[in-house]
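Chemist: Provide a 3D model corresponding to the input given below.
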Amino acid sequence: MPPASSDLPCCAGSTAARIPVRCLVRDPKRLGSERVRVQIALGDLADPQSFRNALRGVDTVVHLAAAARDQSVGSIEELTGIATWRMVQAAEKAGAQHFVYAGALGASAHSRARFLRAKALAEEAVAESSLRHTILAPSLVYSPHDRQMTLLSRAALLPILPVAGGTARFQPIWADDVADCAFAVVQGLGGENGRHELAGPDTFSHDEIVRLKLRAAGRSPALVHLPDMITSRILRLGETLAGSRTLTTWDEVELTEVSMTTPHGTAHAEALGVVPRRMPAVLGAA
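Modeler: The predicted structure follows:
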């Protein structure tokens, strides 16, 4: 889980593979070559009015978008929690039948991480709606070429790599496996009004994940842990100077200190017909 940003797509469409899919996006270019295969609805989590056009005539809503850092257009709470509540309301008014939401393992109103508290608010809004709903709650979602992997590869050019966190535990799951789970739900698997905790087959600490990614990138810098107080002050200064353009925020780093595990392991994903792959194999670091 990944943290996502507010311009990731919220996709809406039908359960049939050949029926058009509509994507609510801020920047269609971020869909890459896939943008020619879908209907485009321009909008943003900070613009509830844009939900109306995106949801017109839609049966199933798949809500993937969130923000793990404050943006110029809204805070984490506004873009992740309140925006989901507004989208649920818009879907009800539009006559949608099914709302699929990408939540997060560890989402709790009492979490130390703002992102996970906002996710808990969003999950509550979905669960209390009048719509048939499905919540997919993954652990850390990763991809071989995601933003975190790219930043880590660049930072690892230094002989010493400062890191924060390290004690939390995760069961990383490949983004493609999460997508397959979402597709299975859209096709009608998983029952009604369910919550599926999605996890990969391995449990790693944050340190182990960092080392695994470095090995996959062919890097081997020394890791040096910084105290939270120092890390927080440095990153908050960076946010003050660069705003939402800063490379990493304290809110994002704090997520590395909150465990995201489930006692169910891969069982919920397998019940949807998906067998999650091991992270070392996906990254080519086996």
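Chemist: Just the C-alphas of stretch 224-238, formatted as CSV.
Modeler: Listed in CSV are the C-alpha atoms of stretch 224-238, where the atom choice follows Å, rounded to 0.1, in the frame of the first residue of the first chain:
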residue,chain,number,x,y,z
VAL,A,224,22.1,4.1,8.8
HIS,A,225,19.1,4.5,11.0
LEU,A,226,18.2,8.0,12.1
PRO,A,227,16.2,8.8,15.3
ASP,A,228,12.5,9.7,14.7
MET,A,229,13.0,13.1,16.2
ILE,A,230,15.8,14.0,13.7
THR,A,231,14.0,12.5,10.8
SER,A,232,10.8,14.3,11.6
ARG,A,233,12.5,17.7,11.8
ILE,A,234,14.4,17.2,8.6
LEU,A,235,11.4,16.1,6.6
ARG,A,236,9.1,18.8,8.0
LEU,A,237,11.6,21.4,7.1
GLY,A,238,11.7,19.9,3.6
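Chemist: who touches that stretch?
Modeler: 160-164, 166, 246-250, 253, 257 (C-beta atoms under 8 Å, 6 or more residues apart in numbering). Quick note: C-beta positions are derived from backbone N, CA and C, even for glycine.
Chemist: Please, a ChimeraX command that selects the buried ones among these?
Modeler: For the buried members of the contacts of stretch 224-238, the matching ChimeraX selection, counting by 16 or more other C-beta atoms under 10 Å, is:
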select :161,163,164,246,248,249,250,253
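Chemist: Now, the contacts of stretch 224-238 that are in helices?
Modeler: Assignment to helices by DSSP state H places the following of these there: Trp250, Val253.
Chemist: any chance you could map the strands in this protein?
Modeler: 10-13, 21-25, 39-42, 60-63, 98-102, 132-138, 141-142, 160-163, 169-170, 173-174, 194-198, 204-205, 222-225 (DSSP state E).
Chemist: Would you reformat these as a markdown table and include mean pLDDT and distance to Arg112?
Modeler: Converted to a markdown table, the strands of the chain look like this (pLDDT from 0 to 100; distance: least, C-beta to C-beta, whole Å):
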| stretch | mean pLDDT | distance to Arg112 |
| --- | --- | --- |
| strand 10-13 | 53 | 27 |
| strand 21-25 | 93 | 31 |
| strand 39-42 | 94 | 36 |
| strand 60-63 | 96 | 25 |
| strand 98-102 | 97 | 21 |
| strand 132-138 | 97 | 18 |
| strand 141-142 | 96 | 20 |
| strand 160-163 | 85 | 18 |
| strand 169-170 | 96 | 15 |
| strand 173-174 | 98 | 22 |
| strand 194-198 | 96 | 20 |
| strand 204-205 | 95 | 17 |
| strand 222-225 | 86 | 18 |
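Chemist: Now that we have those, can you turn them into TSV and tack on distance to Leu212?
Modeler: Below are the strands of the chain laid out as TSV (distance: least, C-beta to C-beta, whole Å):
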stretch	distance to Leu212
strand 10-13	30
strand 21-25	31
strand 39-42	36
strand 60-63	29
strand 98-102	24
strand 132-138	18
strand 141-142	10
strand 160-163	13
strand 169-170	11
strand 173-174	13
strand 194-198	19
strand 204-205	7
strand 222-225	12
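Chemist: For Ala216, which of those strands is the nearest?
Modeler: Closest to Ala216 of those is strand 141-142 (C-beta to C-beta; 10.5 Å).
Chemist: which residues sit against stretch 245-262?
Modeler: Identification of contacts with stretch 245-262 by C-beta under 8 Å, 6+ apart yields 1, 3, 68-70, 76, 104-106, 111-116, 137, 139-140, 151, 164-171, 197, 199, 203, 206, 228, 231-232, 235-236, 238-239, 268.
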